[in-house]
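In: Dropping the sequence and predicted coords here.
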Amino acid sequence: MSTRRFMVWITPGLTRMFSPKRWSVVKVFSVILTIFITWATILVLSGSETIHRFRIRLIPNTDILPAPLNHKDLMSSKNLAASLPTDDELVQHLRNQNGALDPYISDKLGINRISGGSPYLEVPDMMAEVPSDLPTPYKKVLILVEDTSAPLVLTLGQFFGQQRIDYKTLANKAELPRLTSVEDNSPKYSLFVFDDFVSYLSMPESKKRVLDEYCSYYRVGILAMSQSARSGEIELFSDLKLKIQHRMKLQHYKLEPSSPIWRVGKPEAVYQDQLPSQDWSVFTASHPTYRPLAYSTVAADWDGTKTDVNVTKFGCVVAIHDIGMMDKIQKIIIGYDINFWLNSIVGMDAITFLSNGNLGLTLDRYVQVDVDDMFVGKTGIRTHIKDADAMAASQEKIRKIVPGFRWVLGFSGGSFQTGNPEEAKGDQRMIEIADKFIWFDHMYKHEQPHLLNATHLRQSMASNMEFAQEKKIPVMRDYMVTPHHSGIYPVVDTLYDAWVEERGVTCTSTEEYPRYVPHWERRGFIYKGVMVIPRQTCRLFTHINTFEEYQGGKEELDISIKGGYLFKVFLYTPVMIFMTHMSNYANDQLAQYSFEHVTEFVAQYTNLRMQTLPPVEIAKKYFQLYPDEVLPIWTNPCDYNKHMETWPKEKSCDHFPSFVIVGPQKTGTTALHTFLEAHPALKSSKKDPQYFEEVQFFNNKNYAIGIDWYMKHFDDAEKGVMQFEKSANYFDNEFTPQRMFALLPNAKIVVILAEPARRAYSWYQHLRSHEDPTVMNYTFYEVVSSTENSPRHLRDTRNRCLKPGEYATHLSRWLKFYPRNQIFLVDGDQLNKDPIMTMNKLQKFIAVTPYIDYYKMLRFDKEKGFYCLVEQGCLSPSKGRKYNPMDAESSRLLKNHYAPHNAQLRTLLTDLGRPHPRWLMT
Ligand code: A3P
């Protein structure tokens with residue numbers, strides 16, 4: 001019981017006792033005893049509140065970082081690839097992250113591909129009560145909503161998206177999805193969210209039972225909003241001993257100090273202003289399971305019926321915690337939109353608490369504010385002496401809240417003292433006090449690197465350095481940024497090469513990866529040893545230099561600072577690098593104003609630990625928090641105007657395929673590729689010295705080299721000619737569908753489904769012919785029957801032999817990215833025995849013209865036992881090999897092994913409305 005509740009409970013008794021009519025020796029004694037008990041209780045309660053409430057839960061595993069970041073070793077593409085984790089290592093690592101792999105297997109991939117929270121998360125101590133043998137659910141949230149198109153759905157998505165928590169949104173009226181994974185029954189959700197508490201209560205009984213049982217068994221909680229839109233003023237839930245009064249207009253807000261949920265929230269801070277909207281819900285409960293979380297006060301001008309609400313100051317409970325005394329399920333209900341900043345804070349702490357610390361963000365906030373273009377700016381809006389001094393002064397102020405804070409200035413020496421005389425003095429002043437700040441290098445004349453050749457680029461960098469030496473500017477060498485982020489993403493190799501070779505740059509930042517909007521989906525990556533981390537904007541652009549110029553004026557800027565956009569960036573972004581410009585520090589000194597006030601506000605209302613570090617250390621922190629971002633996910637610059645603006649002109653968007661044969665291996669991919677190559681309007685990728693007719697970009701280390709490498713495999717576009725590629729290992733590679741979809745979202749995907757046991761045997765024979773040491777030492781049966789106790793190399797070979805044939809698993813993964821109508825399934829049996837039919841169907845699917853009659857191009861070769869091209873002849877002897885039939889024991893084993901996978905494939909194909917391959921029918 002909280003101190004406040006205790007006082008409420010005891011006050012009536014005390015009043016009666018102090019009535020003069022009732023005095024007696026016994027009563028005097030009782031009064032003394034009561035005062036003593038009260039005092040003791042207050043002491044105990046306040047003491048318990050001072051107990052250290054948090055503990056470090058997880059130690060991050062940073063092994064995956066390509067450490068050390070020695071630029072010299074990382075220069076060549078080959079070294080670059082070698083320095084990165086293999087896909088297998090990455091998969092293993094992500095698995096160890098307990099659920100961070102979920103983006104790769106979640107249903108909504110591509111839309112909600114946000115990975116789990118921070119490995120540094122600190123959680124309230126009482127969560128240690130969760131039994132240690134209980135499996136930890138995936139770091140994923142299931143949001144159940146009344147109407148999927150309601151604005152609140154977007155708000156909830158943003159709330160979780162900004163914290164990088166993976167979520168799935170479903171209409172509550174739809175069937176409940178499976179709550180445990182098919183593979184190993186592990187629990188799939190760490191939290192359930194309802195956009196309306198009432199819709200949780202009114203779920204059909206059987207459905208609610210499943211959800212409730214899951215929640216109470218796995219100790220997973222429910223977070224709900226209360227919505228008044230469809231209900232009257234008061235809803236009474238007598239069974240629950242809960243009353244909700246809607247449509248309230250409120251003022252003031254404070255948190256209940258005795259609640260155990262607070263991490264970000266700071267109960268000692270009291271908000272004394274009006275609350276937005278007239279749509280708040282207020283909770284009144286008459287059961288000890290309910291604990292108030294946040295209080296407010298009825299607004300003076302509220303015109304509803306006051307009989308049912310407590311009109312005393314902070315008498316309205318606007319967020320309530322049901323600790324689960326009735327149903328063993330912890331629930332938190334918030335009485336208004338989670339987008340309102342104080343509710344956002346309650347929501348953040350609620351999700352950590354209700355998920356037993358499985359979800360949420362660290363409390364650390366690393367802050368860096370870059371002044372991107374020192375000395376660059378139009379005459380009339382540049383810094384004067386007073387502005388330079390104000391920068392130094394505001395830095396001092398911010399340092400009191402953010403220890404060690406310094407503005408980080410990027411300069412272009414070529415523009416030094418190019419303004420009017422007062423501005424020239426301002427530039428000079430910056431040089432005089434240069435030691436106070438951190439300086440990084442820009443281009444000398446503020447040029448955009450993607451427009452320069454390598455020599456010019458290096459010259460510009462050298463000139464800027466000479467300027468810095470002449471002016472004695474203390475320049476940091478390992479962090480650089482370019483004008484307009486040119487060359488950073490989309491990556492321009494000349495820039496990275498110059499940075500790494502000339503300067504030893506190890507980190508930079510951009511707002512452009514993978515794209516500018518939405519800002520919370522910006523991510524980081526490492527390329528050529530340079531850590532690229534995402535930037536935030538504070539909405540002070542080069543043309544916004546006075547309060548008037550800020551959209552909505554000073555009032556809007558203050559809203560942004562006090563709970564609005566800028567505040568939320570602090571709330572949700574553990575590593576922040578803001579972009580500002582020199583002119584934002586001149587004129588009305590908007591940048592100084594914004595950062596002084598926002599840091600003050602954050603410190604007043606949250607427990608966030610704002611701090612700073614040198615840029616390289618901040619970048620390292622970023623990748624420690626988000627190690628699965630090391631490898632970039634390449635996108636096509638031509639799909640996004642903003643990227644096209646910094647994409648070198650000589651690069652072309654034509655060097656990408658229209659369709660891709662993705663495998664799997666040993667299903668007839670070479671035959672299909674060869675037959676397509678014979679078509680006059682189809683052109684295959686160029687032969688690769690290492691991979692012959694394949695490219696193998698998306699599935700291995702070539703991917704880290706970047707899209708220039710991939711594009712080299714394709715020619716300039718020819719009118720009427722479609723380019724394609726085939727890499728048979730793409731199909732079953734865990735990363736390829738996501739990567740391919742990011743780069744080639746419109747490509748058509750061709751998959752061959754051959755009888756999986758036959759495919760496995762063909763693969764074994766293929767390895768034998770290449771004298772693979774493992775298969776040379778083991779029979780086919782020994783390979784496929786190996787178990788977990790077999791030697792590692794044998795188990796690995798078994799997996800490589802059998803896994804690609806588990807078609808339903810892999811196909812489902814492709815379908816998470818590509819729409820079904822972009823995927824063509826070839827019946828491997830038909831390709832063997834009736835390729836003419838296959839080729840005819842495929843031509844229609846890819847819509848190639850002219851349509852060629854393959855009847856004239858293919859003929860059956862009796863000796864080869866396969867179809868061959870009339871003109872070019874048969875495939876090489878390595879395709880369509882002669883070998884003994886599979887032994888009966890292996891055949892039986894494989895039949896059993898593939899039976900469940902084939903059953904899944906049958907269901908999947910039926911769901912897709914696709915015909916079943918002949919071999920699947922038997
Ligand atoms: P085998 O060599 O085991 O018979 P891939 O090209 O994907 O590696 O697949 C090779 C398989 O393609 C061969 O396996 C063969 O069965 C099949 N195939 C299908 N049509 C073929 C053709 N026209 N010529 C040769 N092999 C063909």
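Out: Great, that's in hand. Numbers count the residues shown, from 1 in each chain.
In: who touches the residue of the stretch 301-450 of the chain found nearest the ligand in this structure?
Out: Of all residues in the stretch 301-450 of the chain, H450 sits closest to the ligand, at 40.0 Å by C-beta to the nearest ligand atom. (C-beta placed from N, C-alpha, C; glycine too.) Listed by C-beta atoms under 8 Å, 6 or more residues apart in numbering, the contact set of H450 reads S486, G487, V492, L495, T646, W647, P648.
In: Is there a neighbour count for the last one? I'd like the number.
Out: Think P648. Residues within reach of P648, counting by other C-beta atoms under 10 Å, total 17.
In: Next: the second one.
Out: G487 sits with 28 neighbouring residues when counted by other C-beta under 10 Å.
In: Please report the distance of the residue lying closest to C874 once chain neighbours are set aside from D427.
Out: Leaving aside its sequence neighbours, C874 sits nearest to C868 (C-beta to C-beta, 6 or more residues apart in numbering; 3.7 Å). According to C-beta to C-beta, to the nearest Å, C868 stands 76 Å off from D427.
In: what about these two, which has more around it?
Out: When C868 and D427 are compared for neighbours, D427 comes out ahead with 24 against 21, by other C-beta under 10 Å.
In: in its sheet, what does the top strand by length along the chain sit against?
Out: Using DSSP state E, we find that the single longest strand of the chain is strand 364-374. Paired with strand 364-374 in the same sheet, following DSSP bridges, are strand 408-411 (parallel), strand 575-580 (parallel), strand 609-611 (parallel).
In: can you pull the buried residues of the very next helix or strand once past that strand?
Out: Tracing the chain C-terminally past strand 364-374 and defining elements by DSSP states H and E, one meets helix 385-401 next. For helix 385-401, the buried set under the neighbour-count rule, 16 or more other C-beta atoms under 10 Å, comprises I385, D387, A388, A390, M391, S394, Q395, K397, I398, I401.
In: Between these, which sits nearest A671?
Out: I398 (66.9 Å; C-beta to C-beta).
In: Hey, what's the angle from the helix or strand where G426 lies to strand 364-374? Just curious.
Out: Take DSSP H and E as the rule and G426 turns out to sit in helix 421-432. In terms of direction (axes from the mean of the first three to the mean of the last three C-alpha atoms, to 10 degrees), helix 421-432 departs from strand 364-374 by 130 degrees.
In: I'd like the average pLDDT over the helix or strand following helix 421-432.
Out: Downstream of helix 421-432, the first helix or strand assigned by DSSP H and E is strand 438-441. Mean per-residue pLDDT for strand 438-441: 94.
In: Partner strands of strand 438-441, with direction?
Out: Strand 438-441 is paired, per DSSP bridges, with strand 408-411 (parallel), strand 475-480 (parallel).
In: coming back round to it: my guess is the residue of the stretch 301-450 of the chain closest to the ligand is in a helix, correct?
Out: Yes. Using DSSP: H, G, I helix; E, B strand; the rest coil, the secondary structure at H450 is a helix.
In: got a pLDDT number for it?
Out: 96.
In: Pass me the low-pLDDT residue ranges in the protein, would you?
Out: Applying pLDDT under 70 to the chain picks out residues 1-129, 183, 229-231.
In: what about stretch 876-889 and the ligand, any contact?
Out: Yes. Stretch 876-889 reaches the ligand (C-beta under 6 Å from any ligand atom) through K879, G880, R881.
In: Whichever of those residues end up buried, select them in ChimeraX.
Out: To isolate the buried ones among these in ChimeraX, judged by 16+ other C-beta under 10 Å, type:
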select :879,880
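In: give me the number of residues near the nearest residue to A434 once chain neighbours are set aside?
Out: Excluding the flanking residues, the one nearest A434 by C-beta to C-beta, 6+ apart is I473, at 5.0 Å. By other C-beta under 10 Å, 21 other residues sit near I473.
In: for L255, what are its contacts?
Out: Contacts of L255 by C-beta under 8 Å, 6+ apart are W262, G265, K266, P267, A269, L293, A294, Y295, V346.
In: For it, give me phi and psi.
Out: Dihedral pair for L255: phi -100, psi 150, per degrees, to the nearest 10.
In: is it in a bridge, and if so with what?
Out: A294.
In: gap between it and the ligand?
Out: For L255, the distance to the ligand equals 63 Å [C-beta to the nearest ligand atom, to the nearest Å].
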